[in-house]
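*Asks:* I need the structure of the sequence given here:
(one chain, ligands or ions: 1)
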Amino acid sequence: MESEFQVQCPFCGEIIWMEFYPQDGASQETVIDCEVCCNPIQYSIEFLRDGEIRLRAERAQ
Ligand SMILES: [Zn+2]
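*Replies:* I've put the predicted structure just below:
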């Protein structure tokens, strides 16, 4: 299964590649600073049963 996902920074719009692995949990959340604008991005990813992936990148509070 693919482990690299493309997301867009909600602050500056930069495209970022992130790695997530389903063995780390079906539902994961992490906050990582954008490499470009240094703002904190909250990532939430869900690995669904049918192999679908739901990934969101939001502004961390
Ligand atoms: Zn950014």
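*Asks:* what does the model give the spatially most distant residue from the centre of the chain for pLDDT?
*Replies:* The centre of the chain is farthest from one residue, residue 50, which by Cα atoms, centre = their mean lies 19.1 Å away. pLDDT, residue 50: 91.
*Asks:* Could you list the residues of this protein in contact with the ion?
*Replies:* Contact residues, the chain versus the ion (Cβ under 5 Å from the ion): 9, 11, 12, 14, 34, 36, 37. All C-beta spots, glycine's among them, are computed from the backbone N, C-alpha and C.
*Asks:* Let me see the contact set for residue 45.
*Replies:* By Cβ atoms under 8 Å, 6 or more residues apart in numbering, the contact set of residue 45 is 5, 20, 27, 28, 29, 53, 54, 55, 56.
*Asks:* re earlier: okay, and which of the residues of the chain next to the ion map to helices?
*Replies:* Secondary structure from DSSP state H places none of the residues of the chain next to the ion in helices.
*Asks:* just those now: which is nearest residue 61?
*Replies:* For the residues of the chain next to the ion, the residue nearest residue 61 by Cβ to Cβ is residue 11; the value is 13.2 Å.
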